[in-house]
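Undergrad: Give me the fold of what follows.
(one chain, ligands or ions: 2)
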Amino acid sequence: MEAKISKKKFDILVLPGDGVGPEVINQAIKIIDVVNELTEIEIRYEFDYIGGACLDRYNQSIREETLKKALKVDAVLLGAVGGPKWDKQRPEQALLTLRKRMNVFANLRPIKDYFNSNVDIMFVRELTGGIYFGPKKLIQTKKGYIVKDVLVYKQEEIERVLRIAFELAKSRNKNLVSVDKANVLASSKLWRELADKIAKDYPEVKLRHMLVDSFAYSLIKNPKNFDVVVSENLFGDILTDEAAILVKSLGMLPSASIGYKLKNGLYRGLYEPVHGSAPDIANLNIANPIGTILSVSLMFYYSFNLPYISMLIEKAVIENIKQGFLTKDISNTSNYKTTSEVGENIKNILKSLLLKELQVSVRNYK
Ligand code: IPM
Ligand code: MN
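TA: Numbering: from 1, shown residues only. Ligands and ions are numbered 1, 2, ... in the order given. The predicted structure follows:
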């Protein structure tokens, strides 16, 4: 069915994590199972622990062997990490370690509205540098504490993520906004200079710089003005939660974290919904699985180079929304569907889409 499938067998590591993580991951697995059942593609998956779930079991938020596995598989699919139960143990650190070890420095967060606004932004968040990873210090003095979170970037770290953003802009509407705080931060000044330098390699892309405060305002006021947006780590974290307002719910947003291409031309990616573990609604079967299912769609695109299957998964999500199979966060009525009902429905739609495709390809080859 795919014009060229160079590789048909893939191994992925699945880390459901905490809170609503396992519930939404279960729905994503249904999608993977359908592809396994109906196509020649085989995706083998192995489960492991991360975050609070790992702390409970192994007394550490991620194990070395899990990190090693993550560097062997074709992709990692993750639910969510953290919750009040483990507040003092910082389970989120596991996620930061995983991102760093996988060297997935570009976090792609498509902000696409499937309801009616036509908003379609590709947000590129730098993911393995900046204030998240700089030195942290708590110093006690006679006059009280002094605390430090240091924002550090190497030129190379800025350039590589900018290049990914330029490439994406080139493949889309050729419009790139680089978000910074160059009127205050030294790191932003360098960021801006490097963006201008790299822009010379992409004459077809229109680059604009925006200050983060003004961008935060424009994003909500004129969301259709944006195509690809790139920013450093912390700005990107905050702005993408804000952007979720444009697509009705944080539960809708997927993400793909990628780094350099592997020798086989594919990306070993980390795929996770943008939302967190949402402990307040965990185990109620009401979390929105769409962000996670769309993350699987991104996995087919970036890690498996199967854009056609990726598109069919997205199509199934769109059809599901059309049919009004909506979880509580996006439903306008009190008659909303559960996490598993939505997962099941998307699975069934994908199944019929794939069956239709198979018939077509059988006919074509007869
Ligand atoms: C995200 C999350 C994480 C982040 C947390 C859980 C560490 O908010 O993926 O956006 O800040 O990167
Ligand atoms: Mn976040």
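Undergrad: Leaving out the residues flanking it, which one is nearest to Leu138?
TA: The shortest distance from Leu138 to any residue that is not its chain neighbour, by CB to CB, 6 or more residues apart in numbering, is 5.2 Å, and that residue is Val147. For the C-beta atoms, the positions are set from N, CA and C on the backbone; glycine is no exception.
Undergrad: residues contacting that neighbour?
TA: When contacts are counted by CB atoms under 8 Å, 6 or more residues apart in numbering, Val147 touches 137-139.
Undergrad: From Lys136, how far out is it?
TA: Distance, Val147 to Lys136, by CB to CB, to the nearest Å: 8 Å.
Undergrad: Spell out which parts of the stretch 201-350 of the chain neighbour ligand 1.
TA: Applying CB under 6 Å from any ligand atom, we find that the stretch 201-350 of the chain lies next to ligand 1 at 237, 274, 276.
Undergrad: What is the nearest of those to ligand 1?
TA: When these are compared for distance to ligand 1 (CB to the nearest ligand atom), Asp237 wins out at 4.5 Å.
Undergrad: okay, now that closest one: neighbour count?
TA: If you count neighbours by other CB atoms under 10 Å, Asp237 ends up with 17.
Undergrad: and what of Ile50?
TA: If you count neighbours by other CB under 10 Å, Ile50 ends up with 29.
Undergrad: hang on, it packs against Ala80?
TA: No: using CB atoms under 8 Å, Ile50 and Ala80 do not qualify as a contacting pair, with a distance of 9.4 Å.
Undergrad: Spatially nearest residue to the one residue in the stretch 1-150 of the chain that gets nearest to ligand 1 (excluding sequence neighbours)?
TA: Ligand 1 sits closest to Glu92 of the stretch 1-150 of the chain, with a gap of 3.9 Å, by CB to the nearest ligand atom. For Glu92, ignoring the flanking residues on the chain, the nearest one in space by CB to CB, 6+ apart is Gly82 at 5.1 Å.
Undergrad: Would you confirm that that neighbour contacts Gly19?
TA: Yes: with contacts counted by CB under 8 Å, Gly82 reaches Gly19, the gap being 7.2 Å.
Undergrad: Looking at these two, which has the bigger crowd around it?
TA: Neighbours per residue, other CB under 10 Å: of Gly82 and Gly19, the larger number sits with Gly19, 28 against 25.
Undergrad: ok now do that one, which residues does it touch?
TA: Contacts of Gly19 (CB under 8 Å, 6+ apart): 79-80, 82-83, 276-279, 282.
Undergrad: Now for the closest residue to it other than its chain neighbours, how many residues are close by?
TA: Spatially, and ignoring its direct neighbours in sequence, Gly19 is nearest to Ser277 (2.7 Å; CB to CB, 6+ apart). Number of residues near Ser277 (other CB under 10 Å) recorded here: 24.
Undergrad: What pairs with the biggest strand by length in the chain, parallel or antiparallel?
TA: When the chain is parsed with DSSP state E, its longest strand is strand 9-17. Within its sheet, and counting by DSSP bridges, strand 9-17 is paired with strand 42-47 (parallel), strand 75-80 (parallel).
Undergrad: and the end-to-end length of stretch 270-286?
TA: End-to-end distance for stretch 270-286: 25 Å, by CA to CA, to the nearest Å.
Undergrad: same question, stretch 99-114
TA: Where stretch 99-114 begins and where it ends lie 29 Å apart, using CA to CA.
Undergrad: Averaged pLDDT, it. What do you get?
TA: For stretch 99-114, the mean pLDDT works out to 98.
Undergrad: Next: stretch 323-335.
TA: When pLDDT is averaged over stretch 323-335, the result is 96.
Undergrad: and for it, what are the contacting residues?
TA: Here stretch 323-335 makes contact (CB under 8 Å, 6+ apart) with 115, 248-252, 286-290, 336-339, 341-342, 345-346, 349.
Undergrad: which SS state does Val230 fall under?
TA: With DSSP: H, G, I helix; E, B strand; the rest coil as the basis, Val230 sits in strand.
Undergrad: Need the pLDDT of the nearest residue to it once chain neighbours are set aside.
TA: Among residues not flanking Val230 along the chain, Ala165 sits closest, at 3.7 Å (CB to CB, 6+ apart). Confidence at Ala165, expressed as pLDDT, is 99.
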